[in-house]
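> here is my input; please provide its structure:
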Amino acid sequence: MVRWFLLCALLVVANVQADGVARSALNVPLAKKAVFMDLAIHKQTIFAVGERGIILSSTDKGNSWEQIASPVDVTLTSIAFTNNGNGWIVGHESTILHSTDNGASWQIEKYQPENERYYLTTRFISEQHGFVLATDGELWETLDGGNSWRLTVLSVEDWYQNHLFGIEKIAGSTLVVAERGGVFNLKKDQQEWQVVPSPYEGSYFGVIKLGENFLIYGMSGRVFLLDAQSLEWKRVEVKTDQFLLDATLSVDGQTALVVGRGGVILIINAAGELVKKVERKSRVDFTSVVLQGDDIYLASMAGGVEKSSFASLMNYGGE
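Have a look, this model is predicted:
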């Protein structure tokens, strides 16, 4: 919603002036071929954010793309919208951008390169309640639509702050996943985040609601279902050891598409069963995926946004 620290690190460029003032992204003819870290769909418009502060939008199902003016030229890692037209983008240099017009224009809400933090993921669960996940265990939370932000630092062990990658909420249970097997849960009646013991010590790069469970995915093809209330784990066998970096849901919320390195696309049902595995011959590293009806949009390290369909994916000659 998405957002992978190791890939982001490859896109770091010298983009901070000596006085720390943000520079606007350049409007370039080949912007649509940039590397994008996250995709989002809001009111039928597709948005893509990525390297050098580039923001694109498409109102014709990906047939054409327009570059939107961006007030920063740092790598942008995640984009999210609320129903009332507020949009949020986060990125490197402790960057938060805000839109009040459904993503047509963006303003700097926060830009603090001196903090040396990467903001990796943003997610709003209501008009007023949102989160920003960052490196070094930083979890920023707003309860007033971004007017103020409260910082909580999450860590499994006192001596190390895990980079935070994904967040999801099911009913009264909120889950954050992180590097080095970090998983944190906050129940409705709790005041503090609790560490959830993990069956895997590698990094988790994302979490999504699938049915009534959390679907967690990460390094080395690891995928798990986690019960939102009991926090019991179930391994999902997906027949790949590739890093899995992003996921999206079908319209009915009962099927997940998970993408990652090596051209891997997985279709997983709500029972935690692998329905289909595709490995693209190009072995391109996918960074983000969104679904609009039958249309699938994929961002990758090859650059640009690729359009496919759920039907063609199911008919693909892969496993």
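> for I125, give me its contacts.
Applying C-beta atoms under 8 Å, 6 or more residues apart in numbering, we find I125 in contact with 131, 169. All C-beta atoms are positioned from the backbone trio N, CA, C, and that covers glycine.
> repeat that with 7 Å
K169 (C-beta atoms under 7 Å, 6 or more residues apart in numbering).
> give me the pLDDT for it.
With respect to pLDDT, I125 scores 94.
> could you do D189 as well?
Value listed for D189 in the pLDDT field: 87.
> report how many residues lie close to R283.
Counted by other C-beta atoms under 10 Å, the residues lying close to R283 total 11.
> was I right about it contacting G263?
Yes: assessed by C-beta atoms under 7 Å, R283 is found in contact with G263 at 4.7 Å.
> from what I see, E212 and A228 are in contact.
Yes: judged on C-beta under 7 Å, E212 makes contact with A228 at a distance of 6.3 Å.
> higher neighbour count, those two?
Neighbour totals were compared for E212 and A228, and A228 leads with 21 against 13 (other C-beta under 10 Å).
> return the residues in contact with that one.
Counting by C-beta under 7 Å, 6+ apart, A228 touches 170-171, 173, 212-214.
> in which helix or strand does A311 reside?
In the assignment (DSSP states H and E), A311 maps to helix 310-315.
> please enumerate the shared neighbours of E212 and A228.
Joint contacts of E212 and A228 (C-beta under 7 Å, 6+ apart) are I170.
> so where do the strands sit in the stretch 201-319 of the chain?
Ranges of strands within the stretch 201-319 of the chain are 204-210, 213-218, 223-227, 233-235, 244-249, 255-260, 264-269, 274-279, 286-292, 295-300, 305-309, based on DSSP state E, counting those that start in this stretch.
> can you add mean neighbour count and give those strands back as a markdown table?
Output for the strands of the stretch 201-319 of the chain, formatted as a markdown table (neighbours: other C-beta atoms under 10 Å):
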| stretch | mean neighbour count |
| --- | --- |
| strand 204-210 | 24 |
| strand 213-218 | 25 |
| strand 223-227 | 21 |
| strand 233-235 | 14 |
| strand 244-249 | 25 |
| strand 255-260 | 25 |
| strand 264-269 | 22 |
| strand 274-279 | 17 |
| strand 286-292 | 24 |
| strand 295-300 | 22 |
| strand 305-309 | 17 |
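> residue ranges of the helices in the stretch 101-250 of the chain, please?
Along the stretch 101-250 of the chain, counting by DSSP state H, counting those that start in this stretch, no stretch forms helices.
> picking up where we left off before, now tabulate the strands of the stretch 201-319 of the chain in a markdown table and tack on distance to T121.
Listed next are the strands of the stretch 201-319 of the chain as a markdown table, based on distance: least, C-beta to C-beta, whole Å:
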| stretch | distance to T121 |
| --- | --- |
| strand 204-210 | 8 |
| strand 213-218 | 14 |
| strand 223-227 | 18 |
| strand 233-235 | 22 |
| strand 244-249 | 10 |
| strand 255-260 | 16 |
| strand 264-269 | 20 |
| strand 274-279 | 25 |
| strand 286-292 | 11 |
| strand 295-300 | 15 |
| strand 305-309 | 19 |
